[in-house]
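Enquirer: structure here, sequence nowhere to be found:
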DNA sequence: TCACGTAATGTGATAATATAACAAAACCCG
DNA sequence: CGGGTTTTGTTATATTATCACATTACGTGA
């Protein structure tokens, strides 16, 4: 399951299954939060899940437009912002891109590993990193509300391929 | 000295002194690396040091143009990219902005604390965070080359002011 | 010192990313 | 149904970043 395989972007897996599961979780999360997973929002999430990689807002927009939704930037940005707000997707600032959250149900503070070889983006568990970050901040009297941690490097397969 | 006060963005200090010192270090670092701290590059660094906060490329460009340098975007981006490459400045992706490095001589992997109240940006020591990050990555077989860690929150003074 | 290759700069054009503002439609709740 | 709120669509524009190419400055070795 996605929750148990944080490196799933770097390893083969039953993708249709992990997509369907994430959608179900998304429904539940939205119901719980009392917000609406409308058609555009749901479709935007599906697009991110199907791609299984980081996508720019304009790429998502293109897909949405092809599915009969509006074709102006705010259509995509609004849907994506909603998903990010609800923890169903994440924004990768380094790439100016968005990616579906691979385990939205868990309370988490993810870190992202971006492969420069194949552009895959993995969401790794960040509790320890976040702990170190909170500690460093508190020593300066700074209170962290949210953080983004994004690392560039080489994933296992690309490393192997290069060797 | 700047090296001993990583939270200097949040605390009063002898700013003229920390600026001058950083410039001297920059000279030394460039000489060491065999690269040229040309007038635009040097001036760009001075601008960032004087501002003592994160600045957008176009803000820096405006200042450069006022000083007689070119007034097209590449002028600023090239100078800023150079500074970042040499470790004399950092890019804050979250803000689409750049900030002078407060201790360029130290080998370091900085983390940034961005105050949402006053927009101050502090560069904090990130060794422990980086350690946790490397550990998390290595568990997935991922090799990190570089990372950016940016936290949003509230600095000591803004916290106090709000209370 | 001067010819040559390389690095750096200036400039115009344009690409890519993101938001503002407002009208129309859909939804929710009484 | 009626009235307030949320969501969507659309136009327009702001902001950030890069490409391409001509020109100038620099550094090095003959």
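Expert: That came through, no problem. Remember, it's a predicted structure, so these values are computed and weren't measured experimentally.

Enquirer: going forward, measure contacts between C-alpha atoms and count neighbours the same way
Expert: Will do.

Enquirer: are we agreed that residue A:114 is in a strand?
Expert: Yes. Checked against DSSP: H, G, I helix; E, B strand; the rest coil, residue A:114 lies within a strand.

Enquirer: that one and DNA strand C, how far apart?
Expert: 15 Å (C-alpha to the nearest atom of the strand, to the nearest Å).

Enquirer: low-confidence stretches in chain A?
Expert: A:1-9, A:12-14, A:107 (pLDDT under 70).

Enquirer: run through the residues of it sitting next to DNA strand C.
Expert: A:56, A:57, A:58, A:72, A:73, A:74, A:77, A:93, A:96, A:97 (C-alpha under 7 Å from any atom of the strand).

Enquirer: any residue of stretch A:147-163 touching chain B?
Expert: Yes. Where contact is defined by C-alpha under 8 Å from any C-alpha of the partner chain, part of stretch A:147-163 touches chain B, namely A:147, A:148, A:149, A:150, A:151, A:152, A:153, A:154, A:155, A:156.

Enquirer: in chain A, which helix has the most residues?
Expert: helix A:15-33 (DSSP state H).

Enquirer: just checking, what packs against that one?
Expert: Where contact means 3 or more C-alpha pairs under 8 Å, 6 or more residues apart in numbering or on different chains; DSSP states H and E, helix A:15-33 is packed against helix A:39-51.

Enquirer: tell me how far the helix it packs on is from the chain's mean position?
Expert: 12 Å (C-alpha atoms, centre = their mean, to the nearest Å).

Enquirer: could you identify the helix or strand that succeeds it?
Expert: helix A:57-66 (DSSP states H and E).

Enquirer: other residues contacting that following helix?
Expert: A:40, A:43-44, A:47-48, A:70-73, A:75-77, A:80, A:97-98 (C-alpha atoms under 8 Å, 6 or more residues apart in numbering or on different chains).

Enquirer: how about the residues of chain A near chain B?
Expert: So far as C-alpha under 8 Å from any C-alpha goes, chain A lies against chain B at A:7, A:93-94, A:113, A:124-126, A:128-130, A:132-133, A:136-137, A:140-156.

Enquirer: of the residues you listed, buried ones?
Expert: The neighbour-count test (16 or more other C-alpha atoms under 10 Å in any protein chain shown) applied to these identifies A:7, A:93-94, A:113, A:124-126, A:128-130, A:132-133, A:136-137, A:140-144, A:147-156 as buried.

Enquirer: so which of those residues sit within strands?
Expert: Judged by DSSP state E, strands contain the following of these: A:113, A:124, A:143, A:144, A:147, A:148, A:149, A:150, A:151, A:152, A:153, A:154.

Enquirer: what does residue A:71 show for phi and psi?
Expert: In terms of degrees, to the nearest 10, the main-chain angles of residue A:71 are phi -120, psi 30.

Enquirer: so how far is residue A:160 from the nearest residue to residue A:156 once chain neighbours are set aside?
Expert: Nearest residue to residue A:156, sequence neighbours excluded (C-alpha to C-alpha, 6 or more residues apart in numbering or on different chains): residue B:141, at 5.2 Å. Distance, residue B:141 to residue A:160, using C-alpha to C-alpha, to the nearest Å: 10 Å.

Enquirer: residues in contact with the longest helix of chain A: which ones?
Expert: By C-alpha under 8 Å, 6+ apart, helix A:15-33 touches A:1-2, A:36-37, A:45-46, A:49-50, A:86, A:88, A:102-105.

Enquirer: again, only this time at 10 Å
Expert: Counting contacts by C-alpha atoms under 10 Å, 6 or more residues apart in numbering or on different chains, the residues outside helix A:15-33 that touch it are A:1-3, A:8, A:34-37, A:42, A:45-52, A:83, A:86-88, A:100-105.

Enquirer: related to what we said a few turns ago, so which of the contacts of helix A:57-66 is the most crowded?
Expert: Most neighbours among these, by other C-alpha atoms under 10 Å in any protein chain shown: residue A:80, with 28 neighbours.

Enquirer: which element is that one on?
Expert: Per DSSP H and E, residue A:80 falls inside helix A:73-85.

Enquirer: this completes my enquiry, with thanks.
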